[in-house]
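> Predicted model and sequence follow; I will ask about them next.
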Amino acid sequence: MNCREFQLELEKAIEGRAVLGTAARSHGCVCTEASCQAAWNDYVFLNQVLSEFRSTTPQVDFTSQVIAQLQDQSVAKGKAQESRQAFGRGAVASICGVAILLGLCVLTPSFSVFTPSSCKSVDNLQPVKNVQVAVILAPQLVTAHYIDWVEGASSRVGESLVSVGAGTREPPVDAPASDESLWMDVWGQHLKSLEDELGKAVETLTGQSDDDLT
Amino acid sequence: MTPGYIYLAEEHLSLAGRCLKGDGEAMREFVQLYQQQVFALCFKMLGHREDAEDVAQETLVRALRYLESWDSSQPLTPWVMKIAANRCRTALSKRAKHPVSGEFDDVVKAPLADHVGLAEELRLALSVLQEHQRMCFVLFYEQELGISEIAAIMDAPEGTIKTWLHRSRKLMAQHLRERGLAPNSEAIDS
């Protein structure tokens, strides 16, 4: 047996916890090669001392502690699960509530903030008899209400401006036309043209102009 | 109590099955089966009894809690020991961040004295090994696991385990000689 074979067999015996063969033992005892001597000395030395290795571990018994920890954890887990379920139920209820509210807002035109009917009294509200019809008609109703509101607002603005300019400060018939009354007349004409333009614009937007109607 | 590795695969399977059904007696049996083996690894790795007990208990609690994830086609013992090895690594990394004087440090620096026997010297000599070498050495000599089992536990190729084992043996022998322990010449001759 040469040195290489010896070292391979020694490693094999260590890793496999096998008894070293006679040839390898003889080689270890007599070989003067430094690597063989070091490997052989370590092998013998550790074989002697490692028998003590396992005896250094104290004996323990912590079965009860482990079981108690498991029970504590399962109790804590149960509580956490319970609180999660309670939270989940609350969350579902809240979401359902919000969904119902949103649904009502969408399905019922009178709930919409864009419609002027939201300003009307509750008595004037028409109940929705058929939900499917309401869903189909809702966008059209919203649009119609919005157009009415814009038209009404523009005409009201025009009328109020005219009445402010001409109505409240009407001079006596026999009095000569003052600079102030002249200015009022001019302003009223401007406002009248503005009202006309605004009215045309609204008609164009709503598609109710004479051209479109034809 | 019989060590875990002496149990047959069928017995492990049956025990695990009963534990999974919530059988309290089976859980006690499981703990008793593995506690000494797991504690031994933790004790040798950490060198501190209280720390080792804490980590060993944590290991067994985890093993029982996650028993469902054990692949029953594989042996149970390496799976449990792998959890223990990972817990030890975690404990050692925590200790590295917040170093405290352990039993290892206090005694290993002291000269060889009468109150420290050979067994104690061996345990202390482990502290000179790197973490992976120590784990490998303990699993091989303390747990008497095979190279392939150690490779599975440490997530390393068998060749690497052999290298670590060879290196750890050399370092242990060297350290023990430096501590004044000498091989028995009669044993060498025989």
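That came in fine, so what should we check first? What you see is a predicted model; the values in this text were computed from it and never measured. Numbers count the residues shown, from 1 in each chain, chains lettered A, B, ... in the order given.

> What is the neighbour count of residue A:73?
Using other CB atoms under 10 Å in any protein chain shown, residue A:73 has 13 neighbouring residues. The C-beta positions use only the backbone N, C-alpha and C, and glycine is treated the same way.

> Could you give the secondary structure assignment for residue B:167?
When the structure is split into helix, strand and coil by DSSP: H, G, I helix; E, B strand; the rest coil, residue B:167 lands in helix.

> Identify the residues contacting it.
When contacts are counted by CB atoms under 8 Å, 6 or more residues apart in numbering or on different chains, residue B:167 is found next to residue B:133.

> can you pull out the helices in chain B?
B:9-20, B:24-46, B:49-65, B:76-97, B:103-108, B:118-125, B:131-137, B:147-154, B:158-178, B:185-189 (DSSP state H).

> possible to save the ones you listed as a markdown table with mean pLDDT?
Supplementary listing: the helices of chain B in a markdown table, determined by pLDDT from 0 to 100:
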| stretch | mean pLDDT |
| --- | --- |
| helix B:9-20 | 88 |
| helix B:24-46 | 93 |
| helix B:49-65 | 94 |
| helix B:76-97 | 90 |
| helix B:103-108 | 47 |
| helix B:118-125 | 79 |
| helix B:131-137 | 94 |
| helix B:147-154 | 92 |
| helix B:158-178 | 93 |
| helix B:185-189 | 49 |
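
> could you dump these to CSV with distance to residue A:89?
Conversion of these to CSV gives the following (distance: least, CB to CB, whole Å):
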stretch, distance to residue A:89
helix B:9-20, 30
helix B:24-46, 32
helix B:49-65, 27
helix B:76-97, 36
helix B:103-108, 53
helix B:118-125, 56
helix B:131-137, 48
helix B:147-154, 45
helix B:158-178, 53
helix B:185-189, 74
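
> The closest residue to residue B:177 other than its chain neighbours in helix, strand or coil?
Distances taken as CB to CB, 6 or more residues apart in numbering or on different chains put residue A:45 closest to residue B:177, at 7.7 Å, once the chain neighbours are dropped. Secondary structure assignment for residue A:45 (three-state DSSP): helix.

> Residue A:45 contacts residue B:176, correct?
Yes - with contact defined as CB atoms under 8 Å, residue A:45 and residue B:176 form a contacting pair (7.3 Å).

> show me what contacts the residue nearest the centre of chain B?
Closest to where the C-alpha atoms of chain B average out (CA atoms, centre = their mean) is residue B:41, at 2.1 Å. Contacts for residue B:41 (CB under 8 Å, 6+ apart) come out as B:81, B:84, B:85, B:88, B:138, B:139, B:142, B:143.

> Near the last one, how many residues? Count them for me, please.
In terms of burial, residue B:143 registers 24 neighbours under the definition other CB under 10 Å.

> Redo the contacts of residue B:41 as a markdown table? Include distance to residue A:90.
What follows is the contacts of residue B:41, written out as a markdown table (distance: CB to CB, whole Å):
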| residue | distance to residue A:90 |
| --- | --- |
| B:81 | 45 |
| B:84 | 42 |
| B:85 | 44 |
| B:88 | 43 |
| B:138 | 52 |
| B:139 | 51 |
| B:142 | 54 |
| B:143 | 51 |
